[in-house]
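Novice: any chance you could fold what I've pasted below:
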Amino acid sequence: MKNKVGSEPWLPPLSWTGDGMTIRIYKPEDAAELQRATVESYEHLKPWMPWARKEQSLEETEAICRRLASAYLGNTDFSMGAWDGNMLIGGTGFHLRAGPLDWRVGEIGMWIRGSHAGQGWGTRLLEQMLQWGFEEWGWMRLIWKCDSENIASATVAEKCGMKKEATFASSALNTAGRRTDMYLYAMLRDEWLNSRS
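Specialist: Numbering: from 1, shown residues only. Purely as a prediction, here's the structure:
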């Protein structure tokens, strides 16, 4: 591990391969596959993901890929795609919503392509993100937030050994504009290391 989150200069890892998938930074040439994955998954994503759209042009999607890559390389947000060969199975990332980079606390976000939902991909992807995050990125604490009504998301966190630390009552608006509770799950680096020994 050459450098860790919070070190200067911070050069984030660009890809990780494990458990039959590759997790990596988006590239402009990923636009067509990202467009297909998100548009065809609209019905699956719309209850939980406010960014989900029924239609999105290839040009809009390429702009998204470029914006996400720019934020990644600029160390302001780390969104990436999860791939099974040439197929995008979903998106994930380490987000700096809990504080600055040098706090070494990342929030893992995730969505799974509709055609791959309910097949264990979410659990496998989160396990890889925890391993990559604690081994190569040097995060000290990783968190996971989800709507209390998103049972699948909460189940993925629990299957991966993350602990529910809090329920934030009426703390967000869901995609239907209704107030909802949010769960906060977390894992510390020492807890992850101990679970592997």
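Novice: report the mean confidence score over whichever helix in the chain runs longest.
Specialist: Counting residues, the longest helix in the chain under DSSP state H turns out to be helix 58-73. Average pLDDT, helix 58-73: 96.
Novice: list the helices and strands it packs on?
Specialist: strand 21-25, helix 31-40, strand 78-84 (3 or more C-beta pairs under 8 Å, 6 or more residues apart in numbering; DSSP states H and E). For every residue, glycine as well, the C-beta is placed using N, CA and C.
Novice: any idea how far the last one is from the chain center?
Specialist: Translated: strand 78-84. 8 Å (C-alpha atoms, centre = their mean, to the nearest Å).
Novice: that one pairs with which strands, parallel or anti?
Specialist: strand 21-25 (antiparallel), strand 87-95 (antiparallel) (DSSP bridges).
Novice: show me which residues of the longest helix of the chain are buried.
Specialist: 61, 62, 64, 65, 68, 69, 71, 72 (16 or more other C-beta atoms under 10 Å).
Novice: need the phi and psi values for the residue lying closest to the fourth one once chain neighbours are set aside.
Specialist: Sequence neighbours aside, residue 26 is the residue nearest to residue 65 in space, at 4.4 Å (criterion: C-beta to C-beta, 6 or more residues apart in numbering). Geometry field for residue 26 lists phi and psi as phi -70, psi 150, criterion degrees, to the nearest 10.
Novice: mind checking how far residue 26 is from residue 119?
Specialist: 23 Å (C-beta to C-beta, to the nearest Å).
Novice: higher neighbour count, these two?
Specialist: For residue 26 versus residue 119, neighbours defined as other C-beta atoms under 10 Å are more numerous around residue 26 (24 against 11).
Novice: that one contacts residue 69, correct?
Specialist: Yes: contact criterion C-beta atoms under 8 Å: residue 26 and residue 69 qualify, at 5.3 Å.
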